[in-house]
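J.: Sequence and predicted structure below; questions after.
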Amino acid sequence: MATSSNVPSAVHQLAHELAEPQPIRRGSVSERTIKCSKAGCACFTDPNARHGPYSSLTQAIEGRTRSRYLSAEQAAVAQQQIARGREFRQRVDAYWEACEQWADAQLERRAESSAGEDKKGGSQRSSRPTLSKKSKRS
């Protein structure tokens with residue numbers, strides 16, 4: 001593991017931001033109107049007379065879409081959690097990018113140091129590779 005003195009300040013700052021726990025979630029909140037299918041109800045024949053609007057949280061869980069109804073208060077909280085979840089994903093992407101830049105810088109330093117060794121002569125192969133003998137069956 002890298003020591004804190006080797007970690008670039010941008011990576012260290014992003015890691016600190018990611019370490020703060022908060023309630024987050026994936027998904028979306030939407031409002032729906034419902035047709036109840038009762039023959040005597042106005043919603044059965046008139047699309048403008050449908051029941052609702054009802055708020056629902058929709059999420060993809062293990063490859064399946066799941067929805068659940070929410071109260072107005074729950075919908076407001078869920079929307080905040082979803083917004084924080086999107087911000088979290090953006091921070092993770094920024095952290096990933098900063099770590100890749102750090103990794104690229106390490107590769108460049110290694111390439112520069114190995115280029116200096118090539119100029120000094122470097123080591124050469126001491127023996128030639130041997131060819132494998134054919135089997136008697138072939």
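T.: The structure has been received and is ready for your questions.

J.: residue ranges for the strands of this protein, please.
T.: 28-34, 51-61, 64-70 (DSSP state E).

J.: can I get the ones you listed in a markdown table with mean neighbour count?
T.: For every residue, glycine as well, the C-beta is placed using N, CA and C. Shown next, in a markdown table, are the strands of the chain (neighbours: other C-beta atoms under 10 Å):
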| stretch | mean neighbour count |
| --- | --- |
| strand 28-34 | 13 |
| strand 51-61 | 14 |
| strand 64-70 | 12 |
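
J.: which stretch among these comes nearest Ala15?
T.: strand 51-61 (27.4 Å; C-beta to C-beta).

J.: helices and strands around the closest one, which ones?
T.: Counting contacts by 3 or more C-beta pairs under 8 Å, 6 or more residues apart in numbering; DSSP states H and E, strand 51-61 is packed against strand 28-34, strand 64-70, helix 72-120.

J.: I'd like to know which of those is closest to Ser9.
T.: Of all those, helix 72-120 sits nearest to Ser9, with 9.7 Å by C-beta to C-beta.

J.: Would you mind getting the angle between the closest one and strand 64-70?
T.: Per axes from the mean of the first three to the mean of the last three C-alpha atoms, to 10 degrees, the angle that helix 72-120 makes with strand 64-70 is 140 degrees.

J.: Please tell me I have it right and Ser55 contacts Thr33.
T.: No: at 11.4 Å, Ser55 and Thr33 do not qualify as touching, with contact defined as C-beta atoms under 8 Å.

J.: Same list (the helices and strands packed on strand 51-61) but as a markdown table, adding mean pLDDT and distance to Pro8.
T.: A markdown table is the format used below for those (pLDDT from 0 to 100; distance: least, C-beta to C-beta, whole Å):
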| stretch | mean pLDDT | distance to Pro8 |
| --- | --- | --- |
| strand 28-34 | 91 | 35 |
| strand 64-70 | 94 | 40 |
| helix 72-120 | 87 | 5 |
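
J.: tell me how far the ends of stretch 25-38 are from each other?
T.: Its first and final residues considered, stretch 25-38 spans 36 Å by C-alpha to C-alpha, to the nearest Å.

J.: Pull the distance from that stretch to the chain's centre.
T.: When distances are taken as C-alpha atoms, centre = their mean, to the nearest Å, stretch 25-38 is centred 27 Å away from the chain's centroid.
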